[in-house]
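**Student:** pasting a predicted model and its sequence here:
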Amino acid sequence: MRHRHNTVTLDRKAGPRKALLRNLAAQVIVYERIKTTEAKAKAVRPIVERIVTKAKVNSIANRRHLLKYLPTDNAVRKALEVLGPRYEKRPGGYMRIIKLPQRQGDAARMAYLEFVS
């Protein structure tokens, strides 16, 4: 039984899934808007929101915590220097998912994942 077992697997094993979510989170932070499948957008949104909440306080400890999760240094720098101060007064809900028409090739549900302005 899978009571209260709410990990989104995205049909991948743990290693590839973790790498996918880390890279998607870094791309959202760097580009501030990405086009991806709806399932991936729903899986990565809470991760990015936790990263932005952590980036509100620009400290060495938070920088090291973000470096542990995000694969690129410029994503960490942008999170701490741009996104943290931008959402400093906002208590949460930094991301929005905008649903798009289905993808032509495989009819996958597509969505934009972007920051709320």
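**Tutor:** All right, it came through fine.

**Student:** wait, is Lys18 part of a helix?
**Tutor:** Yes: applying DSSP: H, G, I helix; E, B strand; the rest coil, one finds Lys18 inside a helix.

**Student:** which residues touch it?
**Tutor:** Contacts for Lys18 (Cβ atoms under 8 Å, 6 or more residues apart in numbering) come out as none. All C-beta atoms are positioned from the backbone trio N, CA, C, and that covers glycine.

**Student:** ok, it to Val44 distance?
**Tutor:** Distance of Lys18 to Val44, given as Cβ to Cβ, to the nearest Å: 11 Å.

**Student:** repeat for Ala108
**Tutor:** Applying Cβ to Cβ to Ala108 and Val44 gives a distance of 16 Å.

**Student:** between the two, which one's more packed in?
**Tutor:** Val44 (25 against 14; other Cβ atoms under 10 Å).

**Student:** now do the more buried one against Asn58, distance only.
**Tutor:** According to Cβ to Cβ, Val44 and Asn58 sit 23 Å apart.

**Student:** over to the residue nearest to Glu114 when sequence neighbours are not counted: give its phi and psi.
**Tutor:** Spatial nearest neighbour of Glu114, excluding adjacent residues (Cβ to Cβ, 6 or more residues apart in numbering): Arg33 at 3.9 Å. When quoted as degrees, to the nearest 10, the phi and psi of Arg33 stand at phi -160, psi 130.

**Student:** residues contacting Arg33?
**Tutor:** For Arg33, the contacting residues are Tyr112, Leu113, Glu114, Phe115, by Cβ under 8 Å, 6+ apart.

**Student:** right, and Ile100 touches Met110 too?
**Tutor:** Heads up, residue 100 is Leu, not Ile. Yes: in this structure, Leu100 is within contact of Met110 by Cβ atoms under 8 Å, at 4.2 Å.
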